[in-house]
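Chemist: Pasting the sequence and the predicted model now:
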Amino acid sequence: MRRAFWSSLAVLAAVATGCSQIADPGPVDDSVLNQSLALPAVVNGMSLSLSRALGYLAYTGAAESKEVVASGSLALFGITTKQRQGVLDPGTSETNDHWEFAQQARWVAEDGVRRMRASLGDQFAKSPYAAEALVDVGFTNRLLGENMCDGVIDGGPIQPRKVYFERADAAFTEALAVASAAGNTNLALAARAGRASVRVWLSNWSGASDDAKTIPSSFVYSAKYSAVQLDQYNRIYWANSNQPYRAHSVSGTFYQGYYLATKDPRTSWGTNPAIRFGTQGTVPWLFQTKYVARDSPIDLVSGHEMRLIVAEALLRSGDWPGAVSNINQLRAEVGVTPWAAADATDAWVALKTERGIELWLEGRRLGDLSRWIADATPGAVEDMSGRDLCFPVGQNERDSNPNI
């Protein structure tokens, strides 16, 4: 099964990179994938697996965290009735794919690194393919940590979700060393920025801030999507592309009024006179325009996010004026008006709101809301009462894992 899965990923990777003639060899021996010529396809397969998992979690997580609302469709890309109510039910198939695709992405990346260590030997420490694979290990673990309630590794027992962030921190740290040795600045920046984002969850605020300060504001590292195959579409765009779906809307969300007031390009949406039936009757179809095509990338990390990590570190150290200054420097770069704050609570509201704006529809909001609630930080920005804050262990895992 693993051989068949890896060969299928290699074929998908070839499709994504533009090969015009592809013959699926079917199941192949693992040793074929250890050859140097296979490394680009193996690494691309890791990235494709990460992108698919991110697409599922970002879309359903957006509904759960009120970044979008259902606009009526219950078709393939619809938001289910329970999800509209804020329920991520482990007893149905509604969340099983989210768990399975995310765990599969982690396993594919980590297994790819294992085979690279064996096949590259001493060359691993300076291979750009190894650096990219380690970056994928970091982001797949972060995806699980930010979105899943529990940690489970390869059929093991339930652990705290912190285990994902510890694995991500180690992967990003090694990726930084390998990328630097390979002379790949872009991957080194992605590794350092990724590490900053997971150290937030490990409460290593000095480490997170130190890393974040080194990342240029213009830096972006994204998950890639493809217009070739349905499973590799940008799911958020495709669920609302009008042909054939109008599955979600920004109607009634914070982002509806905020964009009308500011025209902040990070939260742009359009309108259509058509309406769909939703949970409270008719819902105007106000469609997001952050993603405009089936192959629109989704940011995994950015220099803008780094500015907000520095701001949150300052807030947690008690320097709320410094935090607001950092937030407003970012808003000046974007071209929107600054936030006003009279005290620390106002500053927390500004920080939480700005992260929601900057990371809108990127699969990050549910994790942010859950960690702020867990830390009892001041300044509520979204009422999540009665709503689930993370995805449960998948039903297939529950049925097949003897440790659960």
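Modeler: Cool, the structure landed. Numbers count the residues shown, from 1 in each chain.

Chemist: Now for the residue lying closest to residue 400 once chain neighbours are set aside, how many residues are close by?
Modeler: Spatial nearest neighbour of residue 400, excluding adjacent residues (CB to CB, 6 or more residues apart in numbering): residue 155 at 8.0 Å. C-beta: built from backbone N, CA, C; applies to glycine. Residue neighbour count, defined by other CB atoms under 10 Å, stands at 11 for residue 155.

Chemist: Kindly report the same for residue 36.
Modeler: Each residue near residue 36 was counted by other CB under 10 Å, and the total is 11.

Chemist: Who are the contact partners of it?
Modeler: When the contact criterion is CB atoms under 8 Å, 6 or more residues apart in numbering, the partners of residue 36 are residue 119.

Chemist: Against residue 54, how distant is it?
Modeler: As defined by CB to CB, to the nearest Å, residue 36 lies at a distance of 28 Å from residue 54.

Chemist: again with residue 88
Modeler: 17 Å.

Chemist: What segments of this protein are strands?
Modeler: Taking DSSP state E to define them, one finds strands in the chain at 69-70, 150-151, 159-160, 220-223, 248-249, 269-278, 281-288, 298-302.

Chemist: what is the rounded mean pLDDT of the fourth one?
Modeler: In this case it means strand 220-223. Average pLDDT, strand 220-223: 98.

Chemist: Could you spell out the sheet neighbours of that strand, each with its direction?
Modeler: Note on strand 220-223: by DSSP bridges, its sheet partners are strand 298-302 (antiparallel).

Chemist: Run through who's touching the strand it pairs with.
Modeler: Here strand 298-302 makes contact (CB under 8 Å, 6+ apart) with 51, 54-55, 58, 139, 190, 193-194, 197, 219-223, 225, 234, 236, 291, 358-359, 361-363.

Chemist: Of the residues you listed, which belong to helices?
Modeler: Filtering the contacts of strand 298-302 for membership in helices, criterion DSSP state H, returns 51, 54, 55, 58, 139, 190, 193, 194, 197, 236, 358.

Chemist: Closest to residue 263 out of the residues you listed?
Modeler: residue 358 (15.7 Å; CB to CB).

Chemist: residues near the closest residue to the closest one other than its chain neighbours, how many?
Modeler: In this structure, residue 358 finds its nearest non-sequential neighbour in residue 304, 5.3 Å apart by CB to CB, 6+ apart. Around residue 304 sit 22 other residues, with neighbours defined as other CB under 10 Å.

Chemist: pLDDT weak spots in the protein?
Modeler: Counting by pLDDT under 70, the chain contains low-confidence residues at 1-26, 28, 30-32, 34, 72-77, 273-282.

Chemist: Next, name the residue at the spatial heart of it.
Modeler: For the chain, the residue whose C-alpha lies nearest the mean C-alpha position (CA atoms, centre = their mean) is residue 363; its distance is 4.3 Å.

Chemist: what sits against the nearest residue to that residue once chain neighbours are set aside?
Modeler: Leaving aside its sequence neighbours, residue 363 sits nearest to residue 58 (CB to CB, 6+ apart; 3.3 Å). By CB under 8 Å, 6+ apart, the contact list for residue 58 reads 235, 236, 298, 361, 362, 363.

Chemist: Just flag the most distant two among these.
Modeler: In these, the most distant members under the criterion CB to CB are 235 and 362, with 12.4 Å between them.

Chemist: Name the residue in those two with the higher neighbour count.
Modeler: Using other CB under 10 Å as the criterion, residue 235 and residue 362 rank with residue 235 on top: 25 against 22.

Chemist: The closest residue to that one other than its chain neighbours: how many residues sit nearby?
Modeler: Spatially, and ignoring its direct neighbours in sequence, residue 235 is nearest to residue 55 (3.6 Å; CB to CB, 6+ apart). Residue 55 sits with 24 neighbouring residues when counted by other CB under 10 Å.

Chemist: right, and residue 55 touches residue 230 too?
Modeler: No: taking contacts as CB atoms under 8 Å, residue 55 lies outside contact range of residue 230: 11.0 Å.

Chemist: Test my guess that residue 189 contacts residue 217.
Modeler: No: in terms of CB under 8 Å, residue 189 does not count as a neighbour of residue 217; the distance is 11.9 Å.

Chemist: Which one of these two is surrounded by more residues?
Modeler: Relative neighbour count places residue 189 above the other of residue 189 and residue 217, with 21 against 14, counting by other CB under 10 Å.

Chemist: And the nearest residue to that one once chain neighbours are set aside, how far from residue 362?
Modeler: What sits nearest to residue 189 in space, not counting adjacent residues and going by CB to CB, 6+ apart, is residue 219, at 5.4 Å. Distance check for residue 219 against residue 362: by CB to CB, it reads 15 Å.

Chemist: One more: residue 48?
Modeler: Distance of residue 48 to residue 362, computed by CB to CB: 18 Å.

Chemist: Contacts for stretch 222-235, please.
Modeler: By CB under 8 Å, 6+ apart, the list of residues contacting stretch 222-235 from outside reads 12, 15-16, 47-48, 50-52, 54-56, 58-59, 77, 139, 238, 291, 293-300.

Chemist: whoops, stretch 156-164 was the one
Modeler: 141-142, 144-145, 148-153, 201-202, 390, 393, 403-404.

Chemist: now, among these, which is nearest to residue 371?
Modeler: Distance to residue 371, by CB to CB, is smallest for residue 201 among those, at 6.5 Å.

Chemist: check contacts around residue 101.
Modeler: 49, 52, 53, 56.

Chemist: can you pick the most crowded of the residues you listed?
Modeler: Tallying neighbours with other CB under 10 Å puts residue 53 at the head of the contacts of residue 101, with 28 neighbours.
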